[in-house]
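Colleague: Show me how the following folds:
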Amino acid sequence: MTYRYLEHMTDALIEVTGQTLEEAFETAGMAVVDTIFDIKLVGKKTEKKIEIKTRDLNNLLYSWLEEIIILTITDGFVGSSFKVCITRPNEYVLNATIGGEEIDFQKHHFKLEIKAPTFHLMEIKLEKPVVMRFLLDL
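Modeller: Next up is the predicted model:
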């Protein structure tokens, strides 16, 4: 379960890997938060739950990234642990529990503001390990 920043001139291009699709999504959540704040400084005082339903995997990843950004920037909650379950009865359904705490700008060391995720350069390879790439508009 890892992520790394790839070369990009103006935005954050991130590649994540996981042994499963769920693990890759969990890692993507961590990468988004760690782009905004220092995730190592975030405690796990409360939990938030998220459910997302979409027709395909690219939309699921986009919606997941968007939810993390909204939770952080709009709701003032910074996550540090992510547990994701993805099912596919007729559409993709993601249920997640995110452990974290309210944002404290002095404690969490603000890094960058993310405007939005984007479909540009988005890639999901369902192999072992699962590899996903996505671009965050800064």
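
Colleague: Distance from stretch 111-125 to the middle of the chain?
Modeller: 9 Å (C-alpha atoms, centre = their mean, to the nearest Å).

Colleague: Kindly report the same for stretch 125-138.
Modeller: Distance, centroid of stretch 125-138 to centroid of chain: 11 Å (C-alpha atoms, centre = their mean).

Colleague: can you tell me the average pLDDT over it?
Modeller: The predicted model assigns stretch 125-138 a mean pLDDT of 95.

Colleague: So for it, what gets flagged as buried?
Modeller: Of all the residues in stretch 125-138, those buried under the rule 16 or more other C-beta atoms under 10 Å are V130, M132, R133, F134, L135, L136. Every C-beta, even on glycine, is put in place using the N, C-alpha and C of the backbone.

Colleague: quick one, strands of this protein?
Modeller: 2-6, 12-18, 46-54, 77-87, 92-102, 116-125, 130-137 (DSSP state E).

Colleague: And the pLDDT for the residue lying closest to D137 once chain neighbours are set aside?
Modeller: Computed as C-beta to C-beta, 6 or more residues apart in numbering, the closest residue to D137 that is not its neighbour in sequence is K115, at 4.5 Å. pLDDT recorded at K115 is 94.

Colleague: Please apply the same query to N90.
Modeller: The model's pLDDT for N90 equals 88.

Colleague: For it, the count of nearby residues, please.
Modeller: 7 (other C-beta atoms under 10 Å).

Colleague: for E91, same thing?
Modeller: Around E91 there are 12 residues (other C-beta under 10 Å).

Colleague: now do E66
Modeller: By the criterion of other C-beta under 10 Å, E66 has 15 neighbours.

Colleague: Please name the nearest non-neighbouring residue to the residue positioned nearest the centre of the chain.
Modeller: Residue closest to the mean C-alpha point of the chain, counted by C-alpha atoms, centre = their mean, is G29 at 2.2 Å. Counting by C-beta to C-beta, 6+ apart, F82 is the residue found nearest to G29 once chain neighbours are left out, at 4.1 Å.
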